[in-house]
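[1] This is the structure alone, sequence omitted:
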């Protein structure tokens, strides 16, 4: 009796588990059906947010595209006009570049003025990008000023993270530099030049050797042909003389 009861109880437990699993599956399906449009809507919103973030980043970078950051410019100006004159004088003496007031869109010091500390960086925004590019091309001439482009916080963090790899590549002898938020790596220029020189010398040397060989062979062929023709001419003349002498002298009419 006891054994039958245990079997019956186990059977009931199994059936209850099956029913529970079925009910759970149905509830899960219903929840999934209700959540599915919410999940799809959430994905759509995520994509839109990403697109908006990219647009904002583009607009932010576009706004900064004509900006330069000046480091090392001594403070002492009291007005914006004095700051502009200070920048004009430094660019003229350090870079030999003349800047007019109309070239400048805005200019100001970055951060709060704290006495006893190094000069604050100066943000200089130009009306057009060509003046900025002219300054960047000549920035290595300056001994006092350090010029950098104006990047957003996110881009600066990416550039900072690339610096260890930049140093490592330069130690290997490769030409490496950071352009915007990417690390550009080129092979060693000396190795490339030596390879180019080897490639430029070897084929031409071989070509010259081949031309010389061809020229020599051609001359030899010409010489051999001339000798053969001369030998044949000599042979024909000898045969003719022998034939005339055997026939005797011609009779006069």
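    Okay, I see it. Just so it is clear, the model here is predicted, and its values are computed rather than measured.

[2] Give me the secondary structure label for the most centrally placed residue in the chain.
    In the chain, the residue lying closest to the centroid (C-alpha atoms, centre = their mean) is residue 184, at 5.0 Å. Assigned with DSSP: H, G, I helix; E, B strand; the rest coil, residue 184 falls in the strand class.

[3] Tell me if I'm right that it and residue 178 touch.
    Yes - counting by C-beta atoms under 8 Å, residue 184 touches residue 178, with 7.3 Å between them. For every residue, glycine as well, the C-beta is placed using N, CA and C.

[4] mind listing what the residue nearest to the centre of the chain touches?
    176-178 (C-beta atoms under 8 Å, 6 or more residues apart in numbering).

[5] If we use 10 Å, what do you get?
    Counting by C-beta atoms under 10 Å, 6 or more residues apart in numbering, residue 184 makes contact with 166, 169, 175-178.

[6] shaky segments in the protein?
    Applying pLDDT under 70 to the chain flags residues 1-2, 5, 8, 188-253.

[7] can you pull out the helices in it?
    Assigned by DSSP state H, the chain shows helices spanning 2-64, 80-90, 129-137, 153-171, 189-247.

[8] and the longest one, what other elements does it pack with?
    The one in question is helix 2-64. strand 122-126, helix 153-171 (3 or more C-beta pairs under 10 Å, 6 or more residues apart in numbering; DSSP states H and E).

[9] Out of the ones you listed, which one sits most buried?
    strand 122-126 (a mean of 21; mean count of other C-beta atoms under 10 Å).

[10] That strand relative to helix 2-64, how many degrees between them?
    Orientation check (axes from the mean of the first three to the mean of the last three C-alpha atoms, to 10 degrees): strand 122-126 against helix 2-64 gives 70 degrees.

[11] any common contacting residues for residue 184 and residue 178?
    With C-beta under 10 Å, 6+ apart, residue 184 and residue 178 have common neighbours residue 166.
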